[in-house]
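Participant: Kindly return the folded structure for what I paste below:
(2 chains)
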There are 2 protein chains.
Amino acid sequence: MNIVIIGGVASGAKAAAKVKRLLPNSSVKIYTDDTHVSYSSCGLPYYIQGNFADYSSLLVRSPEEFKASGIDVFLNSKAEKILPEQQDVLISNLEKSELVHYDKLIIATGASPVRPKISGIDNFNNIFTVRTIEDGIKIREKMLKSKRVVIIGGGYIGIEILEAFSRNGVYTHLFERSPQIMPTLDAEMSETVKKRLNSIENKNFELHTDTLVTEFTGSNGILTGVKTSDGKEYECEMAVVCAGVKPNIEPAKEAGIEIGETGAIKVNKLMRTSVENIFACGDCAEKTHIVSGKKVWIPLGSTANKEGRCAAMNVAGVYCEFEGILGSMVTRCLNTTIAMTGLTEKEALEIGFKPVSVVVSKYDKVAYMPDTGEITLKVVADKITGLLLGAQAVGSIGADKRVNTVTSGLIGHLTVEEFSNNDLTYSPAYSPTIDPLLNAMQILCNKTARSC
Amino acid sequence: MNIVIIGGVASGAKAAAKVKRLLPNSSVKIYTDDTHVSYSSCGLPYYIQGNFADYSSLLVRSPEEFKASGIDVFLNSKAEKILPEQQDVLISNLEKSELVHYDKLIIATGASPVRPKISGIDNFNNIFTVRTIEDGIKIREKMLKSKRVVIIGGGYIGIEILEAFSRNGVYTHLFERSPQIMPTLDAEMSETVKKRLNSIENKNFELHTDTLVTEFTGSNGILTGVKTSDGKEYECEMAVVCAGVKPNIEPAKEAGIEIGETGAIKVNKLMRTSVENIFACGDCAEKTHIVSGKKVWIPLGSTANKEGRCAAMNVAGVYCEFEGILGSMVTRCLNTTIAMTGLTEKEALEIGFKPVSVVVSKYDKVAYMPDTGEITLKVVADKITGLLLGAQAVGSIGADKRVNTVTSGLIGHLTVEEFSNNDLTYSPAYSPTIDPLLNAMQILCNKTARSC
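Facilitator: Numbers count the residues shown, from 1 in each chain, chains lettered A, B, ... in the order given. From the prediction side, this is the model:
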């Protein structure tokens, strides 16, 4: 059996390794237009920061390791066209184009950074996006020679890059066009992020929300500044654009593979596309949200990994269903951990729930312990049924612990009342006697129709 | 309404505060034979360690604060006898005995350290147990003047005291009569604890398992050493006995209140005892295990707090059920976090499940990040139904996060297969792409009859 995988960062690499283990006699080939395969793109901000010296730490498996396990990797090789009727893919590399035959095809083409239509964006070499290892290397090199930089976009990649620049002593202006840093959070949680970051002593950055970068300025191909919607100008030696990503759905779309309502490739629970013998997984594929049941597109490395495994199993004839996602995420910017799972209040309302919510700010450990931090937690439930819908946490490092505790509750479709009976671990070094999460749930319980 | 509460550390203090808020016009009185009321006894090891200067940090509410909210606290006042037929309690303090009438009585008498029958245990002043603030003050004072100490018992209090002594540069011998440090863990997890502690460079302690202290030796009321079951002798300037606790069920038992099969006071979900108008909560009361449905006695501060709240609500006529516990706990000794929830494999087998289990040892973050630690996780499920039964974690500080994530799964009675679909938060700074917990669950899944 010829198994062809296009794309090889997270889901593609995982699928290749898994399918080869399940079907050792099959031919497994990865084609990628990237210069590297099987790497942790989520680790790029930490490479840029200098948390480890060599970018090769980001590599999960090298082409040589793939080769040793019987998988062929073709770098700089772009899948130009999928021909489902003859089960071929047209692959082009620097030298030639060729048709590669597949019995099963796995599309794992990932996502690409959005390049917003800002005047001058294509005129300068020192404007970067963050996606590939090449990007990471270039940004780190340039950062080490820079004193003033601009970040466009205040989502999780933007603020992770902000941390990297700040820790390297580079003065940073971050511009976010929406009113919120971390626009996916509910407004008051985003405000908590902003307050915490702005409270850092001698901070070497400025957060500008509600502010558009309208023009990149410079000369001779070198960026020297940006103009913004509030009529100001900022000098800089480099800019990083973190304005979101879009799924790489070409050439799937062109081949007639169904694209979902979210704009990503439609798949069923088995990671099958609408076309026979073609699977899709990772950032190019649409996902199902377990809480809402709706189709969503939330591209994350952990999901890509699981979907790659599931696609590989079904390709190999081992039945596997991928149930969907909760939209769980965690990120960090300097003194602040930000984590969320399930639906925000805003999302819950849009979907048609009648959400009620509670926000608490509490110590993360018993107050008398050293290194006690503060966590702000928001929990959301449906007023009518009492069903738990989601949680957001901003604060000390323990924030992600509380959110992960909620994920299992969402998987189990617990009501707030049921969750309130949770027996969380307690020791003064790890949490207050009544954890902030239980505290929030007890208050939330009283706001639901099934009060407890 | 006269509400009398006997005992005032955790559940008693919580119940008093809650019931007074619900029934502001009632008379609420706390009688305790302790010298302090409403304090965090779980924090004593950290006071002894010197994590904070003043023991008053451990006090949650002072008698004056209780007074200000209309609650009378009587210290050094022991409940000698309960007289249910006339609804009186006989209270004795240093000066007198008196009958105190109650409409509702809450028994929150807690637990006391077990004093094992070791030769010489009552002969010396410098043998301590850890329960009250007085104990903590005396141990810290003596520790600061000591170079060699002995701890008897390797449960969680024993190892927390070990951390305190070790951090203060006092050379410690810890003796545990069972083959395991942390005897409540499954054997291989206990072994992991021991290995981690023994791997500490220049460690200033020795762990002796399978070793009984057979005699305390000394002269003129001053302990100078211990003899052990392996025929050895150890010099020391003080000893701390951490050999477990027993519920304080007198005078409840004497008054004819039903005692449960575990030896603690039997209560229903409303925290009512077998006798009209008498409630019990906290360490003196029996609990129901949510996973097994069995009666258990696992005395912990977090449970005491919740039971106190629930007892108060029912006393006040606000219906509240306390569903039970999972036996969740976390503790720390130096470089090692230890956490567990639900049933161990040993317990599951005893109860009649057909347990299967998986142990994994993994990095707690992506390997290239700084400060990456290791976690050993054990997850247990029932082979036949696939029902998740429990989890144990030993390792870096993230161990408790994984265990708390399992607690919600146990509350929701998830199968391993369902849990495997969990969408945990991921970022290289917080976990590997596939969290060790999901990794363990995926392997465990294959061991259940409902393999996934």
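Participant: Break down the stretch 201-350 of chain A into its strands, ranges please.
Facilitator: A:205-208, A:213-219, A:222-228, A:233-235, A:238-241, A:245-247, A:278-280, A:287-288, A:295-296, A:329-333, A:336-342 (DSSP state E, counting those that start in this stretch).
Participant: mind listing what's buried in the helix or strand hosting A:E160?
Facilitator: Secondary structure from DSSP states H and E places A:E160 in helix A:156-167. Neighbour counts using 16 or more other C-beta atoms under 10 Å in any protein chain shown place A:156-166 of helix A:156-167 among the buried residues. (Each C-beta comes from the backbone N, C-alpha and C, glycine too.)
Participant: likewise stretch A:217-224?
Facilitator: Neighbour-count burial for stretch A:217-224 flags A:217-218, A:223 (criterion: 16+ other C-beta under 10 Å).
Participant: From the residues you listed, pick the one nearest A:K269.
Facilitator: A:L223 (45.9 Å; C-beta to C-beta).
Participant: Report the contact partners of that closest one.
Facilitator: Neighbouring residues of A:L223 by C-beta atoms under 8 Å, 6 or more residues apart in numbering or on different chains: A:120, A:124-127, A:216-217, A:236-239.
Participant: Name the nearest residue to the one residue in chain A that gets nearest to chain B, sequence neighbours excluded.
Facilitator: Going by C-beta to the nearest C-beta, chain B is nearest to A:G412 of chain A, at 2.4 Å. Excluding its sequence neighbours, the residue lying closest to A:G412 (C-beta to C-beta, 6 or more residues apart in numbering or on different chains) is B:G412, at 2.4 Å.
Participant: Torsion angles phi and psi at that neighbour?
Facilitator: phi -90, psi 0 (degrees, to the nearest 10).
Participant: for A:P116, same thing?
Facilitator: phi -60, psi 150.
Participant: shouldn't A:A10 be in contact with A:G282?
Facilitator: Yes - with contacts counted by C-beta atoms under 8 Å, A:A10 reaches A:G282, the gap being 5.8 Å.
Participant: Pull up the overlap in contacts between the two.
Facilitator: Common contacts of A:A10 and A:G282 (C-beta under 8 Å, 6+ apart): A:108, A:110, A:304, A:308.
Participant: Return the members of those residues classed as buried.
Facilitator: A:108, A:110, A:304, A:308.
Participant: isn't the third one right next to A:C281, touching?
Facilitator: Translated: A:A304. Yes - the pair A:A304 and A:C281 passes the contact test of C-beta under 8 Å, sitting 6.9 Å apart.
Participant: any common contacting residues for these two?
Facilitator: Taking C-beta under 8 Å, 6+ apart as the contact rule, A:A304 and A:C281 both touch A:11, A:108.
Participant: returning to that earlier point: next, count neighbours for the residue of chain A closest to chain B.
Facilitator: Look at A:G412: counted by other C-beta atoms under 10 Å in any protein chain shown, it has 20 neighbours.
Participant: Show the pLDDT at it.
Facilitator: pLDDT recorded at A:G412 is 97.
Participant: could you list every residue that touches it?
Facilitator: Residues in contact with A:G412 (C-beta under 8 Å, 6+ apart) are B:408-409, B:411-414, B:418.
Participant: Next, format the residues you listed as a markdown table and append secondary structure.
Facilitator: Listed next are those as a markdown table, based on DSSP: H, G, I helix; E, B strand; the rest coil:
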| residue | secondary structure |
| --- | --- |
| B:S408 | helix |
| B:G409 | helix |
| B:I411 | helix |
| B:G412 | coil |
| B:H413 | coil |
| B:L414 | coil |
| B:E418 | helix |
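Participant: any idea which of the residues you listed is closest to B:G256?
Facilitator: When the contacts of A:G412 are compared for distance to B:G256 (C-beta to C-beta), B:I411 wins out at 35.2 Å.
Participant: and the closest one, how many residues sit next to it?
Facilitator: The burial count for B:I411: 22, using other C-beta under 10 Å.
Participant: SS state for the closest residue to it other than its chain neighbours?
Facilitator: Using C-beta to C-beta, 6+ apart and skipping residues adjacent in sequence, the residue nearest B:I411 is A:N422, 5.4 Å away. Three-state call for A:N422 (three-state DSSP): coil.
Participant: what about A:N422, how many residues close to it?
Facilitator: The number of residues near A:N422, taken as other C-beta under 10 Å, comes to 27.
Participant: Now do the same contact list for it.
Facilitator: Neighbouring residues of A:N422 by C-beta under 8 Å, 6+ apart: A:405, A:409, A:437-438, A:441, B:326, B:407-408, B:411.
Participant: go with 10 Å
Facilitator: A:405-406, A:408-409, A:414, A:435, A:437-438, A:441, B:290, B:306, B:323, B:326, B:328, B:341, B:404, B:407-408, B:410-412 (C-beta atoms under 10 Å, 6 or more residues apart in numbering or on different chains).
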